[in-house]
Structure formats: C-alpha cells, structure tokens
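> below is the structure, and that's it, no one-letter string:
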C-alpha cells in the first residue's frame, strides 16, 4: 500500500518570506499523481497544486511551486512571498494512476508571523 | 449549489445510536468520495461512488458503516451503533469524472462527536 509522510508537524515563517514543506511517499507504481491541499481552520480542503508523475517539469501555481524528485520519492511545496492567508494545515496526497482515492499525509500546520 | 454541501455541520450522538450524514455534491459531478479525518490527522479514504455505483468501499472500517448514492447525486453515510472511536470529521468530496486531472472538491465536513 502507498504511504505518504510529512515529517514536519508544524512550520512557521515570517510574512513575505519563503517556506518549504516536505513530503515523501512510498510506492512501487510508475503511474501516479501528487497533490498539495490546504485546509484552513474553516475545514474546507482546497487544492493548491498537482503534479503528474510522468511530467519532469515541476508544477507552479503563482506563489506556489513544487520540487518533485521522482527517484527520491520526494514532493516538497515551496510558498514564496508568504501571506497571512496562507496560514493553514497543508496536506500532501498521492493518487495511483489506476485508482480514484487519495492517500493523505499527516499534515503540516503552517503559521505566518506578521 | 456552488460547492459540495454537507449536513449537518455538527452532530452529537450517544454511543449506540445510529447517525446519518448527508452530502450534496457539485451538480454534474460523477464521482463522490467519503473520507474520515480524526483530530490532528490527515483524511482517510472510506468509500467511492461513480454515479450510483459504489466502486470502492475498501476503507469502511466495519460493517457498521454504510454508504449509498441511490440516484447518483446526493449521498448518505450511515453509521450504526456508534462507538466513541467513530468521533471524527467526515469529509465528502466530488469530482467531475474519473480523469486524474479532475480535482476532488471537498465540503466543509460533518464533525461527529460520540458521547
């Protein structure tokens, strides 16, 4: 079974600075997808960014980018120019190419210091 | 509606009672998912529907958990003879189809507390 590990339970960063959240995963598959979701205190999970494993180019969405290292099974999220609204729980998630369900990590709580 | 709607937002039940949690997916979304999120943890998959067909129920923790989506839209997650370990937030998500590029859109969840 696939597993997703987020080794940083909590992270904090100064407003306007850059922070990187770590994620590693374990799989024997070659076809899969990786996601970062944000869950603010209101609880609704919001998709931040996604990466297809077959793509070598790292995905980017405005201030959010990933560092996808397929051989190392690592998928970190970089948030540039951090804003107060970025404060939330961040979850890394894996989806097999042949399945529909998401497998989530334990989450990282990100605090933005003004 | 604009997003996935779940009701009730909060549910308190006594141990042993049955509960029913409702999910209204985004209109036109074929796929529907239920996840269970314990306090301080990531969501864990429970079950998945494509239209009215329940294609994966591998995550349901016991036969006390039952989910249905009879007309391919609204879904209900039922928990019979609730136990304290059932206390969690139950998240529903929907997506347009099976494609991997179709993201799952989540509702606000139902926080279930078993006394």
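Everything's here; your move. Here the structure is a predicted model, which is why all the values come from computation and not from measurement. Numbering: from 1, shown residues only, chains lettered A, B, ... in the order given.
> next, count neighbours for residue B:82.
21 (other Cβ atoms under 10 Å in any protein chain shown). To be clear about C-beta, it is placed using only N, CA and C from the backbone, and glycine gets the same treatment.
> make sure it is actually in contact with residue B:114.
Yes: judged on Cβ atoms under 8 Å, residue B:82 makes contact with residue B:114 at a distance of 4.8 Å.
> mutual contacts of those two, please.
Residues touching both residue B:82 and residue B:114 by Cβ atoms under 8 Å, 6 or more residues apart in numbering or on different chains: B:13, B:14, B:15.
> residue ranges in chain B under the pLDDT threshold?
Within chain B, the ranges that satisfy pLDDT under 70 run B:1, B:98-100.
> could you redo the last one with a cut-off of 80?
B:1, B:97-101 (pLDDT under 80).
> can you name the residue of it nearest to chain A?
Residue of chain B nearest chain A, by Cβ to the nearest Cβ: residue B:42 (3.4 Å).
> okay, the shared contacts of residue B:82 and residue B:114 in JSON lines with secondary structure and distance to residue B:34 next?
Output for those, formatted as JSON lines (DSSP: H, G, I helix; E, B strand; the rest coil; distance: Cβ to Cβ, whole Å):
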{"residue": "B:13", "secondary structure": "strand", "distance to residue B:34": "18"}
{"residue": "B:14", "secondary structure": "coil", "distance to residue B:34": "23"}
{"residue": "B:15", "secondary structure": "coil", "distance to residue B:34": "21"}
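> could I get the buried residue list for stretch A:61-77?
A:64, A:65, A:66, A:68, A:73, A:75, A:76, A:77 (16 or more other Cβ atoms under 10 Å in any protein chain shown).
> over to stretch B:54-74?
Buried-residue list, stretch B:54-74, by 16+ other Cβ under 10 Å: B:54, B:56, B:59, B:60, B:65, B:66, B:67, B:69, B:73.
> which residue ranges of chain A form strands?
Assigned strands in chain A, in chain order: A:3-5, A:10-14, A:19-21, A:24-26, A:32-39, A:46-52, A:60-61, A:64-69, A:74-79, A:88-96, A:103-104, A:108-113 (criterion: DSSP state E).
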